[in-house]
Structures are given as structure tokens and as C-alpha cells.
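Participant: I would like the atomic coordinates for the input below:
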Amino acid sequence: MNDVSAAIQQQYQQLCQTIEQHNYNYHALNDPTISDAEFDKFFHELQQIEQRYPQLITSESPTQRVGAAPVKSFSQVIHSTPMLSLGNAFDEEEVAAFDRRVREGLEVECVDYTVEPKFDGLAVSLRYEKGVFVNGATRGDGNAGEDITHNLRTIKSIPLRLSAKNVPSLLEVRGEVLMLKADFINLNQQQRENNEKEFVNPRNAAAGSLRQLDPRITATRRLAFFAYGVGVHDDKNIPNDKHSHVMKYLASLYFPVAHECKTVKGLTSLLGYYQEIGALREQLPYDIDGVVYKVDSLTQQENLGFVARAPRFAIAHKFPAQEAITEVLEIDVQVGRTGALTPVARLRPVFVGGVTVTNATLHNADEIKRKDVMIGDTVIVRRAGDVIPEVVSVVMAQRSEHVKSFVMPEHCPVCGARAVRLLGETVARCTGGLFCPAQQKHAIMHFASRRALDIEGLGDKLIAQLVDHAIIKTPADLYKLGLTALANLDRMAEKSANNVVAAIEKSKNTTLARFIYALGIRNVGETTAKELARYFGRIDHLMNTNIEDLQQVSDVGPTVAKSITDFFAEPHNREVIEQLRASGVQWEENDGVQMLLAHDSEVNGKTFVLTGTLPNMTRDEAKQKIEDQGGKVTGSVSSKTDYIVAGADPGGKYDKAVKLGVNILDEAGLLSLLH
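Facilitator: You can find the predicted model right below:
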């Protein structure tokens with residue numbers, strides 16, 4: 001390095017340290033302190049220096065994490081001290097027996113333990129000499145593992161050079177390589193886009209990535225590392241009293257350590273930690289399959305020693321298995337409260353995730369096709385916490401010639417209405433929203449909600465009772481309710497029943513926009529309902545229109561238009577609407593913008609601005625009248641403004657309109673134009 005100035009060398013070392021610090025913040029702490037653009041700037045600057053002075057490049061440079069050339073096979077590494085497995089406990093009795101053995105072996109009443117999550121990844125060993133990462137290996141058989149140094153270098157949460165004042169001349173760090181849940185989802189998304197095989201779970205993905213013969217492939221997959229202990233070392237600065245102190249020491253060297261790691265006392269606290277982590281399991285960024293209990297005192301660990309291939313001072317308390325293998329006996333279709341048709345696998349009963357599972361979701365037709373699931377297949381089923389069990393994949397090696405393909409039905413299996421899959425959606429839906437028994441509660445709750453018919457006092461619980469007792473089946477049945485039927489329900493006094501009946505009667509007088517919204521047509525919200533009411537003016541016009549005419553309405557595209565025509569194509573939906581009208585539900589109707597367009601309205605398509613105080617109308621009333629005839633009201637004057645309607649004290653908008661030559665109307669002029 002004689003031809004490299006001291007200043008350049010110092011700049012280079014500083015850049016390496018800065019980049020590794022930000023790698024640690026981002027990949028280990030998940031707490032970046034600079035933007036991606038700033039990081040890229042540092043990295044580019046480092047690359048430029050290395051291009052000019054290649055003699056500076058070492059194996060621990062941040063630029064070397066991209067992966068080396070492929071290897072033909074993995075060589076073997078003998079572990080300096082064996083990488084032992086842990087014994088397992090599957091219930092509280094086995095944990096109590098472990099604690100009793102420890103106390104009896106140490107002849108003490110109570111023991112301090114370090115407790116931590118049990119990662120569902122791959123155990124590895126990292127060897128550092130004079131602070132530099134020199135090699136890494138898998139656990140293997142405990143005595144010897146595979147040399148995966150090149151792949152481990154690509155993992156950005158593994159320090160390539162230790163940052164400490166007194167760097168140990170030899171340090172072996174043990175830990176777990178895994179893939180975070182979010183990165184697993186992203187990886188499988190990429191696999192789908194590239195038409196490549198997806199991974200079953202994060203552990204499977206991490207194992208496949210870590211054992212690539214081409215490290216450049218490993219470098220493209222974001223793996224993580226968490227330290228959980230040390231092996232051989234020759235540093236007096238490494239704590240020799242407690243395991244918890246060793247973990248803090250590793251964290252000080254910038255090794256990632258699980259935040260959930262802590263120290264507890266006695267059996268009750270062990271079981272409490274198991275429950276605590278179990279409750280957090282689904283929220284953790286990584287998969288775990290249990291928790292690990294270790295005697296905290298290193299002296300006590302040494303006194304307890306080992307038995308066979310496992311330490312006496314530690315044990316893994318496993319969660320119930322989240323995955324199991326079983327058979328698909330049949331595939332049925334369930335209809336959800338919003339009409340979504342979901343294929344469900346009926347399974348040969350299997351114990352998974354702490355319960356016996358007989359059903360598992362297949363999500364939709366695309367998922368069945370992607371996973372190639374057939375009736376009669378042997379499948380892997382996963383259940384995580386309270387999440388609905390799902391079929392993860394098919395065990396193709398066990399597929400028989402007697403399996404049968406599944407085809408999604410074209411009609412709702414509950415009510416017989418057409419099942420339609422709209423463009424851009426992954427699920428098919430029943431179009432019988434107002435009468436389908438599977439959608440009864442949801443349809444009636446929506447109909448009675450505040451922004452729809454606004455039936456005060458008719459809450460979700462009351463509607464659920466009315467449906468469960470078969471008193472009502474559709475929104476039209478609400479208007480047949482009497483005091484007797486309501487008063488006989490749980491927690492419904494006569495006064496409350498009277499109030500509900502009065503609210504139902506009051507709701508008969510509504511607006512066309514509210515009524516359209518209350519029907520619960522897929523993709524038709526409040527704003528779209530208002531536009532439909534303004535454009536068509538009459539419910540019959542809307543019910544009998546076509547997709548082309550619907551797309552003339554503001555904010556209505558092909559998908560929304562198809563939702564509307566599919567809804568009104570169901571005779572039973574039309575029947576419920578007629579029943580509602582016959583019950584006295586009413587609203588004002590008009591010819592609508594559609595008819596005005598046919599008569600060449602002078603307002604339709606024109607842009608208006610309202611300013612000042614009008615003598616007989618509020619601005620909202622004037623805006624409504626303009627919009628009813630197809631006009632548009634904006635808040636600012638521009639060259640595209642057709643008319644400005646000015647009242648008293650018009651202000652700056654009026655002055656700007658005069659300057660731009662915009663047509664100016666008073667209230668009388670506006671009414672004349674409208675008429």
C-alpha cells in the first residue's frame with residue numbers, strides 16, 4: 001500500500017466503518033438512521049476508491065458481500081467444541097421435571113435462567129481471528145459441519161470485522177440464520193413473478209438460500225442472523241460469570257441479539273415467559289417454534305455438564321407443531337358475509353397448532369391452481385396461532401392416480417345466484433346480495449346503517465337476533481316488523497321496541513342516493529351512489545341500464561358498471577326492491593342528468609365558481625342545483641371556468657373572473673340558466 005496515501009487509507013477505513021454501522025442499524029436493529037439514497041452514496045464512494053486502489057480491497061470490505069464465485073461442493077469444518085442439540089419439553093410437566101433436575105443437581109432452592117425465543121432457522125458457527133471473520137459452518141452432526149463462509153459473508157447483519165477496542169485474537173460466535181417473515185413474502189412474490197417454485201416456509205427458504213453453491217444467489221436473498229452464544233475463545237474480556245452477560249457482550253460487538261431475551265427466576269417465571277412469547281408469536285418479525293431456557297450462571301452450567309448430545313443446563317420448550325401432513329378428502333365452497341366464495345379443503349383430521357384440524361382454506365381458484373391441489377392429495381397444512389388453517393403445499397411424491405381436479409362453481413352454493421369474478425379481483429362473489437342467506441346479516445346491517453337508511457336503534461346485535469330467530473330474511477322484512485316480535489327478543493323492553501318501530505317508519509322517507517347505497521352493491525360507495533342518483537334520477541332507469549350507459553357516470557368504470565348490472569340481473573334482488581317500494585320506502589325522483597343530456601342542457605359539462613352571499617340560496621343549495629343538471633362546481637377561478645355566480649361581497653374571485661373575461665351571473669341569472 002506504499003502508493004496509497006495515509007489520507008486515502010483513513011478515508012477508506014472510515015467509509016467501511018460507516019457502511020457497516022448503517023448495515024447493522026438497518027439489518028440487525030431494523031432501525032435505519034439514513035435514507036437509502038444516502039447509503040447508496042457512501043457505497044458508491046467506497047466502490048470508486050476500490051476501483052482506483054484495488055490493493056485496499058480485503059475480504060471484510062462491504063463491497064465483498066455480493067458473493068464470490070460458485071463452489072463445486074462444501075468442504076467440511078471440524079467444530080472446536082461440539083455444537084450440541086437441546087433436549088425438548090412439550091408440556092409444563094416436562095419443564096417442571098427439568099427445573100427439578102437442575103435444582104437437585106445444584107442443590108439449591110431456586111435457579112436464575114436466561115430465557116429467549118427458539119428461532120426456527122439454521123444453527124451456524126462464526127470464527128473470528130484478530131477481529132476478522134475467517135470462516136463459518138453449519139451445525140452438521142454437531143462435531144463437523146459444512147463450510148459456508150462465502151454465503152455467510154453475504155448476510156449483512158453478520159459483522160465482517162469486529163468493532164471493539166480490545167479485539168479477541170480468537171472468538172467463535174454461535175447463532176441462527178433465518179429469513180424474516182416480510183422477506184419471505186417478498187421472496188415468494190419474486191418466485192411467482194419468475195414462474196419459479198415457491199418456498200414452503202421461511203426456514204425452508206433460509207436453508208435453500210444458505211446452501212447455494214453460488215454465493216451470488218444467496219446475496220440476492222435477505223437473510224438475518226441472531227447470536228445466542230459463544231464457542232471457543234481466548235479473550236479475558238468475555239464475561240465468564242453469566243450467560244446473560246455474554247449476550248450483552250455479543251451485542252456490544254454489534255452481533256444481533258433477540259430483544260425478547262431476558263433473565264427470570266424459578267419455574268413459575270419460565271412458564272410465564274412461555275405464555276408471554278406464545279401470545280407475541282404472530283407479531284414477531286421471525287418464525288419461532290418454542291422458547292429456550294438456560295441456567296444463567298456459567299459456573300452452574302459447568303457443574304451440571306452434559307448428557308449424551310445435549311446439555312443438562314438447557315432445554316427447549318416447544319410450541320405445538322404448526323405444520324402437519326394429512327389428506328384432502330373433499331373441497332367445498334363457503335360463502336362469506338360479503339358474498340365471497342372461498343374454497344375449503346375438508347381434511348382427514350390432524351393435530352396441528354395445538355388443535356385437531358378438519359378444514360383448511362384454499363383462498364381462491366388461483367391459489368388452488370398455483371399450488372396444484374386436487375381432491376385426494378396428501379398436503380402440508382399450517383396453523384399459526386388463531387389464524388385459519390391453510391393448505392401450504394402438496395406432497396407430490398405421494399400423489400396417486402385417483403386424485404380429482406376441482407372446479408369453482410358458477411353459481412352460489414347457498415342461494416343459486418350467479419357467482420361473478422370481476423376484473424382485477426382474485427375471488428368470485430355471489431350476486432344475490434339482498435336475498436342470499438349467507439349474506440343476510442351483513443346486507444341488513446348495511447341497509448340500516450347511518451349513511452344508508454339510518455334506522456336508529458336497529459344495531460348489529462338486534463339484527464343478528466332477528467335473523468337468528470328467522471323473523472327477518474331481507475331488508476324488506478324490516479317494514480313488516482311489529483311491537484310483539486321485537487318485544488319478545490332478549491333485552492328489548494316495550495319502550496325500546498316502540499322506538500325501533502318508529503325509526504323504521506321514519507326511514508321510509510329517504511333519498512335515491514341513500515337507497516342506492518343501502519342496497520350494498522359491490523364497489524358502490526356513497527359518492528358513487530350520489531353520482532348514480534344524479535345521473536339516472538329514477539331507480540327504474542338505473543335498474544334497466546347497460547354497462548355502456550353506466551360508464552357515462554363520473555367515477556364509474558368497467559368494474560363498477562359490471563357490479564351494478566350483475567346485481568340488478570338477479571331477479572330476487574329486484575323482487576326485494578319492489579317489496580321495499582310496496583312497503584312505503586320512497587324518495588323524490590327526477591329526469592336525471594341522462595335526460596338533460598338528451599335535451600342538450602346548457603349547464604351540463606360547464607364549470608362554475610360560487611362566490612359571495614346569494615340572497616335566497618346557500619352555496620350548497622346552488623351547488624346541488626348545478627350538479628343536478630350536469631354542471632361542475634370548483635373552488636377557484638381559471639381560464640377553464642365557464643361561469644362565476646356572484647353574490648354580495650364576492651371578493652378576489654370576482655376580480656379574477658372580470659380580468660379573465662369569465663361569464664358573470666347573479667342568483668337570478670343562474671336560475672334562468674338552470675330553468
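
Participant: residues contacting the closest residue to residue 537 other than its chain neighbours?
Facilitator: Residue nearest to residue 537 in three dimensions, not counting chain neighbours: residue 592, with 2.5 Å by Cβ to Cβ, 6 or more residues apart in numbering. Using the backbone N, CA and C atoms, a C-beta is placed for each residue, glycine as well. Applying Cβ atoms under 8 Å, 6 or more residues apart in numbering, one finds that residue 592 lies in contact with 533, 534, 535, 536, 537, 538, 541.

Participant: And the fourth one, how far from residue 501?
Facilitator: Counting by Cβ to Cβ, to the nearest Å, the gap between residue 536 and residue 501 amounts to 32 Å.

Participant: cool, and residue 196?
Facilitator: Distance of residue 196 to residue 501, given as Cβ to Cβ: 62 Å.

Participant: Looking at these two, which one has more neighbours?
Facilitator: It is residue 501, of residue 196 and residue 501, that has more neighbours when counted by other Cβ atoms under 10 Å, with 17 against 10.

Participant: so that one touches residue 486, yeah?
Facilitator: Yes. Between residue 501 and residue 486 a contact is recorded at 6.9 Å, counting by Cβ atoms under 8 Å.

Participant: Give the bridge partners for the residue nearest to residue 323 when sequence neighbours are not counted, please.
Facilitator: Counting by Cβ to Cβ, 6+ apart, residue 323 lies nearest to residue 382, which is 4.9 Å off, once chain neighbours are set aside. Residue 382 has these beta-bridge partners by DSSP bridges: residue 323, residue 390.

Participant: Residue 456: neighbouring residues, count only.
Facilitator: Neighbours around residue 456, by other Cβ under 10 Å: 14.

Participant: which ones are touching the residue most central in space within the chain?
Facilitator: Residue closest to the mean C-alpha point of the chain, counted by Cα atoms, centre = their mean, is residue 182 at 9.2 Å. By Cβ under 8 Å, 6+ apart, the residues touching residue 182 are residue 285.

Participant: where exactly do the strands run in the stretch 551-675 of the chain?
Facilitator: Secondary structure of the stretch 551-675 of the chain (DSSP state E, counting those that start in this stretch): strands at 607-611, 632-634, 643-646, 663-665.

Participant: How about the stretch 351-500 of the chain?
Facilitator: 355-361, 378-382, 390-394, 419-420, 429-430.

Participant: Check whether residue 142 really touches residue 78, as I assumed.
Facilitator: No. Using Cβ under 8 Å, residue 142 is not in contact with residue 78, being 10.9 Å away.

Participant: In terms of packing, which of these two has more residues around it?
Facilitator: residue 142 (14 against 10).

Participant: quick one: secondary structure of that one?
Facilitator: Assigned by DSSP: H, G, I helix; E, B strand; the rest coil, the conformation of residue 142 is coil.

Participant: got it, and the one 10 residues further on?
Facilitator: Following three-state DSSP, we place residue 152 in the helix state.

Participant: Confirm for me that it is in contact with residue 126.
Facilitator: Yes. Counting by Cβ under 8 Å, residue 152 does reach residue 126; the two are 6.9 Å apart.

Participant: so what's in contact with these two at the same time?
Facilitator: With Cβ under 8 Å, 6+ apart as the test, residue 152 and residue 126 both reach 133, 136, 158.

Participant: check contacts around the nearest residue to the second one once chain neighbours are set aside.
Facilitator: Same thing as residue 136. Distance criterion Cβ to Cβ, 6+ apart; nearest residue to residue 136, sequence neighbours excluded, is residue 152 at 4.0 Å. By Cβ under 8 Å, 6+ apart, residue 152 lies in contact with 124, 126, 133, 136, 158, 177, 210, 225.

Participant: Many thanks, I have nothing further to ask.
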